[in-house]
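Student: This is the structure alone, sequence omitted:
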């Protein structure tokens with residue numbers, strides 16, 4: 001099995017979400033087994049969602065509520081599945097118009 005550093009996975013997630021969302025205001029930061037998906041605002045970063053590594057090939061996703069709590073999505077799959085899920089479910093929260 002090939003080890004992929006978290007930073008390279010974060011770059012992949014960021015690249016795919018930026019392409020899907022058609023803007024460059026999305027930033028992904030690795031944080032342990034999690035990849036924080038953030039929206040770059042004028043003077044800050046708003047953490048919207050995360051993708052988490054469950055096993056070497058299985059990932060899950062969660063949404064961050066306005067109270068700062070993580071609400072997991074009841075689904076898991078490949079990294080690509082979770083990137084698609086985040087884009088599909090959380091797209092309204094990943095646009096500048098909503099902030």
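Tutor: Now that the structure is in, tell me what you want to look at. Note that the coordinates shown come from a computational prediction; the quantities given were computed from them, not determined experimentally. Numbering: from 1, shown residues only.
Student: Next SSE downstream of the longest helix anywhere in the chain?
Tutor: Secondary structure of the chain per DSSP state H: the longest helix is helix 6-21. Downstream of helix 6-21, the first helix or strand assigned by DSSP states H and E is strand 26-31.
Student: what's the average pLDDT for that next one?
Tutor: Over the span of strand 26-31, the pLDDT mean works out to 96.
Student: The helix or strand just after it vs strand 26-31, what angle?
Tutor: Under the assignment DSSP H and E, the closest C-terminal helix or strand after strand 26-31 is strand 34-40. For strand 34-40 against strand 26-31, the angle by axes from the mean of the first three to the mean of the last three CA atoms, to 10 degrees is 150 degrees.
Student: Check which residues of the next helix or strand after strand 34-40 are buried.
Tutor: The first helix or strand that comes after strand 34-40 along the chain, using DSSP H and E, is strand 45-53. For strand 45-53, a neighbour-count test (16 or more other CB atoms under 10 Å) marks 46, 48, 49, 50, 51, 52, 53 as buried. C-beta coordinates here come from the backbone N, C-alpha and C atoms, glycine included.
Student: helices or strands next to strand 45-53 in the packing?
Tutor: On a contact count with 3 or more CB pairs under 8 Å, 6 or more residues apart in numbering; DSSP states H and E, strand 45-53 meets strand 34-40, strand 59-64, helix 79-90.
Student: again, only this time at 10 Å
Tutor: helix 6-21, strand 26-31, strand 34-40, strand 59-64, strand 70-77, helix 79-90 (3 or more CB pairs under 10 Å, 6 or more residues apart in numbering; DSSP states H and E).
Student: where in this protein is pLDDT low?
Tutor: 1-4, 99 (pLDDT under 70).
Student: Number of residues surrounding the residue nearest to residue 14 when sequence neighbours are not counted?
Tutor: Counting by CB to CB, 6 or more residues apart in numbering, residue 14 lies nearest to residue 28, which is 3.9 Å off, once chain neighbours are set aside. Neighbour count for residue 28, taken as other CB atoms under 10 Å: 24.
Student: same thing with residue 64?
Tutor: For residue 64, the neighbour count with other CB under 10 Å is 19.
Student: Just list the residues touching it, thanks.
Tutor: Contact partners of residue 64, counting by CB atoms under 10 Å, 6 or more residues apart in numbering, are 36, 37, 38, 46, 47, 48, 49, 50, 70, 71, 90, 93.
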